[in-house]
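Asks: Okay, sequence plus prediction incoming.
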Amino acid sequence: MGKANNAIEASRADSGLADSPEWRGFAQAAQSAALDAGALKVIEAAGLCVDLTMQRQSPALDAAAQSLLQARGLAEARRALFAGEPVNWTEGKPAWHTALRAGRTREQPDGQDADSVCEYARMMDFVRRVDQTADFSTVLHIGIGGSDWGPRLAIQAFGGASQRRQIRFVSNIDGHAFHDAVAGLDPRRCLVVVSSKSFTTAETLHNARAAIAWLKQGGAADVSEQLAAVTANPSAARALGVPASQVFKMCDWVGGRYSVWSVAGLSIALTVGAEVLIGMQAGAQAMDQHFQQAPFGSNAPVQLALAGLVNCSVLGHNSLNIAAYSARLLHLVTYLQQLEMESLGKRVAGDGAAVGVPTAPIIWGMPGTDGQHTFFQWLHQSEAGAPVDFIASLQGHADSPDAHRKLLANCLAQRQALLRGKSLEQALLDVAHIDDREHALTLAQHMVHPGGRPSTLIVLRQLDPRGLGALLALYEHKVFVQSVVWGINPFDQWGVELGKRLATGIERELAVPVSAGVVDWGHDASTSYWIDRYRSHAQAPRPRHAWVPGVAAHL
Ligand code: F6P
């Protein structure tokens, strides 16, 4: 058997997980492990501290985890991932995002693949050229999913006052989104960056064409000079009118949700600086090294993954809340939603049969302390609750040490409250002053917090590019470890295809003239009803429900 086939076999675990003695041993040990924060468990990795003290722990669980990881072939799967072997077995491709941060290059035998190092250097040259000419005051970034979230996250995190030029994003195929994005921009001074690995994504192509029309109408002297593209499909970008010198090639061997490590970082470099990209890559690379070298027992991504397996697959928690105590990490949750849910939101293993244990929790959340005033009530007192990943930094804004102390205090207090809870006895002390004892008892019952809710705390020294890079790589590798245990391929996304295909047909039907008479669409009753209802609405002589800001609604 060849090396590539070995890799495929190594990563393609079958569906026997639930019945295996290693899984049964792990599940049993997890059920009886303590959740009492009795023993400090902090792992230092790539400048991050991962504190797993408030997860279930016991020596028996550690031992069972080692056997499980060995039985599922984690060491070999990890080797294959870093070697660029085709670990994405349903598509026969590598998932070699780690090579991008290691600054490695790769030429495929057919010579078609770009040299990633050279493309990166070309992209950085372009950024320098743009900086020198000062022709552009704004960037309009067009892309969706992995071609959007990374730049959005990094620019929000490191934008602030240092932003070289303004940036607007448009991802959705919604006229409001496009018009809002370009509102107030000077089309003659705007650089349009079209980011799409495939260059076939409907939303992105629609918005790119709208941007070209906007540039033309706005009097751009040479529209093509105002276009740049990052893609694994350069000919499609050129066909749209982007000059070859402004097309930067992504590698086909990097999945779309890992694009931030590729030339898709162009908009980041143009707005918050190339040093942000370089710092993020360095942090991610440091986490790659830790993941490869640290023993499983003190390996941060591995231990984070194991905590998740206990919470999701053994204890049945179907969601994971992410609470980043940093306003600048506003887009972290959405970034992780794509990373985790597009990667793991699957139910079959390598042999096509069901995994047999619950997989892939829903990822949700918002920055703290906003979340405390939104859904933390549910985290503390609902029947189900959810595990939480708290994320914080030791250093806050240099000019606001008081604010940072308060922010951190809230973060520490929330996780303590989730773990400890509040008993009826404690609640009764709070109502001791109420004379009506029956009422006092009822009230006290409302104040009980069940507690026993697990959490992890991830601490950065400060929110800098290096720390963010390490944080994203931590989650990437956590996802990979879980995928190996479950036997899931984390690098494909078949689940997004069906809806896309149906939309093409429905869009055609929505445009059929009402004059065509009654049509049997062959859909369910609801879809057919809304196709007809939309056609009557859209083809009526004038819009009947237009709303213009500042003007009373005309019905
Ligand atoms: O949502 C499906 C998906 O293929 C993602 O994996 C990807 O990040 C996104 O669409 C955008 O794809 P592209 O970069 O090819 O436009």
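Replies: Great, that's in hand. Numbering: from 1, shown residues only.
Asks: quick one: the helices in the stretch 351-500 of the chain?
Replies: Taking DSSP state H, counting those that start in this stretch as the criterion, the stretch 351-500 of the chain contains helices spanning 376-381, 401-420, 424-430, 437-447, 465-486, 497-510.
Asks: what pLDDT does residue 103 get?
Replies: Note on residue 103: pLDDT of 78.
Asks: Let me know the distance separating it from the ligand.
Replies: Residue 103 sits 22 Å away from the ligand, taking C-beta to the nearest ligand atom, to the nearest Å as the criterion. C-beta coordinates here come from the backbone N, C-alpha and C atoms, glycine included.
Asks: how about the nearest residue to that residue, chain neighbours excluded?
Replies: Among residues not flanking residue 103 along the chain, residue 117 sits closest, at 5.9 Å (C-beta to C-beta, 6 or more residues apart in numbering).
Asks: domain ranges for the chain?
Replies: Listed domain ranges for the chain are 18-92+280-420+453-490, 112-272, 495-539 (source: the TED database).
Asks: So which of those domains is nearest the ligand?
Replies: The ligand sits nearest to domain 112-272 of all the domains of the chain, at 2.9 Å, using C-beta to the nearest ligand atom.
Asks: Now that closest one: average pLDDT?
Replies: For domain 112-272, the per-residue pLDDT averages 93.
Asks: ok, now stretch 456-476?
Replies: Stretch 456-476 comes out with an average pLDDT of 97.
Asks: go on, stretch 68-80?
Replies: Here stretch 68-80 scores 96 as its mean pLDDT.
Asks: quick one: terminal-to-terminal distance for it?
Replies: Separation of the first and last residues of stretch 68-80 by C-alpha to C-alpha, to the nearest Å is 19 Å.
Asks: Enumerate the residues of the chain near the ligand.
Replies: 144-147, 196-198, 201, 204, 256-257, 342, 493, 496 (C-beta under 6 Å from any ligand atom).
Asks: Verify the stated contact: residue 471 with residue 391.
Replies: Yes - if you go by C-beta atoms under 8 Å, residue 471 and residue 391 touch, sitting 7.2 Å apart.
Asks: And the strands in the stretch 251-400 of the chain?
Replies: Taking DSSP state E, counting those that start in this stretch as the test, the strands found in the stretch 251-400 of the chain are 319-324, 362-365, 388-395.
Asks: Just the buried residues from the residues of the chain next to the ligand, in ChimeraX please.
Replies: Command for ChimeraX that selects the buried part of the residues of the chain next to the ligand, burial taken from 16 or more other C-beta atoms under 10 Å:
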select :144,145,146,147,196,197,201,204,256,257,342,493
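Asks: isn't residue 538 right up against residue 513?
Replies: No - with contact defined as C-beta under 8 Å, residue 538 does not reach residue 513; the gap is 10.5 Å.
Asks: which residue lies farthest from the center of this structure?
Replies: Most distant from the centre of the chain: residue 435, at 52.4 Å, with distances by C-alpha atoms, centre = their mean.
Asks: coming back round to it: C-terminal to the helix or strand harbouring the residue nearest to residue 103, what's the next element?
Replies: Element membership of residue 117 [criterion: DSSP states H and E] is helix 116-133. Scanning forward in sequence from helix 116-133 by DSSP H and E, the next helix or strand is strand 138-142.
Asks: Parallel or antiparallel, which strands does that next one pair with?
Replies: Take DSSP bridges as the rule and strand 138-142 pairs in its sheet with strand 166-170 (parallel), strand 190-195 (parallel).
Asks: and those strands, which is most packed in?
Replies: strand 190-195 (a mean of 26; mean count of other C-beta atoms under 10 Å).
Asks: Name the residues that touch it?
Replies: Surrounding strand 190-195, the residues in contact under the criterion C-beta atoms under 8 Å, 6 or more residues apart in numbering are 130, 135-143, 147-148, 151, 182, 204, 208, 211-212, 215, 226-231, 237, 240, 242, 259, 264, 266-267, 270.
Asks: Kindly report the same for stretch 165-177.
Replies: Against stretch 165-177 from outside (C-beta under 8 Å, 6+ apart): 136-145, 148, 151-152, 155, 178, 181-182, 185, 202-204, 206-207, 211, 267, 270-271.
Asks: Ok, stretch 507-524 next?
Replies: For stretch 507-524, contacts defined as C-beta under 8 Å, 6+ apart pick out 527-528, 531, 534-536, 538-539.
Asks: Make a PyMOL selection of whichever of those residues turn out to be buried.
Replies: Selecting only the buried entries of the contacts of stretch 507-524 in PyMOL, with 16+ other C-beta under 10 Å as the criterion:
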select buried, resi 531+535
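Asks: Save the contacts of stretch 507-524 as TSV, and put in secondary structure, pLDDT and distance to residue 247 too.
Replies: As requested, the contacts of stretch 507-524 are exported to TSV (DSSP: H, G, I helix; E, B strand; the rest coil; pLDDT from 0 to 100; distance: C-beta to C-beta, whole Å):
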residue	secondary structure	pLDDT	distance to residue 247
527	helix	97	39
528	helix	96	43
531	helix	96	38
534	helix	95	37
535	helix	95	39
536	helix	93	44
538	helix	92	36
539	coil	91	40
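Asks: Could you export the contacts of stretch 507-524 as JSON lines, including distance to residue 66?
Replies: Output for the contacts of stretch 507-524, formatted as JSON lines (distance: C-beta to C-beta, whole Å):
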{"residue": "527", "distance to residue 66": "51"}
{"residue": "528", "distance to residue 66": "56"}
{"residue": "531", "distance to residue 66": "56"}
{"residue": "534", "distance to residue 66": "57"}
{"residue": "535", "distance to residue 66": "62"}
{"residue": "536", "distance to residue 66": "64"}
{"residue": "538", "distance to residue 66": "61"}
{"residue": "539", "distance to residue 66": "66"}
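Asks: Find the residue closest to residue 140 in space, skipping its chain neighbours.
Replies: residue 192 (4.8 Å).
Asks: Please name the bridge partners of the one you found.
Replies: Assessed by DSSP bridges, residue 192 has beta-bridge partners residue 140, residue 227.
Asks: State the distance from it to residue 166.
Replies: As judged by C-beta to C-beta, to the nearest Å, residue 192 and residue 166 stand 13 Å apart.
Asks: cool, and residue 220?
Replies: As judged by C-beta to C-beta, residue 220 and residue 166 stand 17 Å apart.
Asks: what's the answer for residue 493, then?
Replies: According to C-beta to C-beta, residue 493 and residue 166 sit 32 Å apart.
Asks: just residue 271 next, same as before
Replies: Distance, residue 271 to residue 166, using C-beta to C-beta: 8 Å.
Asks: Got phi/psi on residue 84?
Replies: Torsion angles at residue 84 (phi, psi; degrees, to the nearest 10) stand at phi 70, psi 30.
Asks: now swap in the one 3 residues further on and tell me
Replies: As for residue 87, its main-chain torsions (degrees, to the nearest 10) stand at phi -70, psi -20.
Asks: That one: neighbouring residues, count only.
Replies: 27 (other C-beta atoms under 10 Å).
Asks: and residue 391, how many neighbours?
Replies: Residues near residue 391, counting by other C-beta under 10 Å, number 24.
Asks: need the contact list for the closest residue to it other than its chain neighbours.
Replies: Distance criterion C-beta to C-beta, 6+ apart; nearest residue to residue 391, sequence neighbours excluded, is residue 324 at 4.1 Å. By C-beta under 8 Å, 6+ apart, residue 324 lies in contact with 332-333, 365, 367-368, 390-392.
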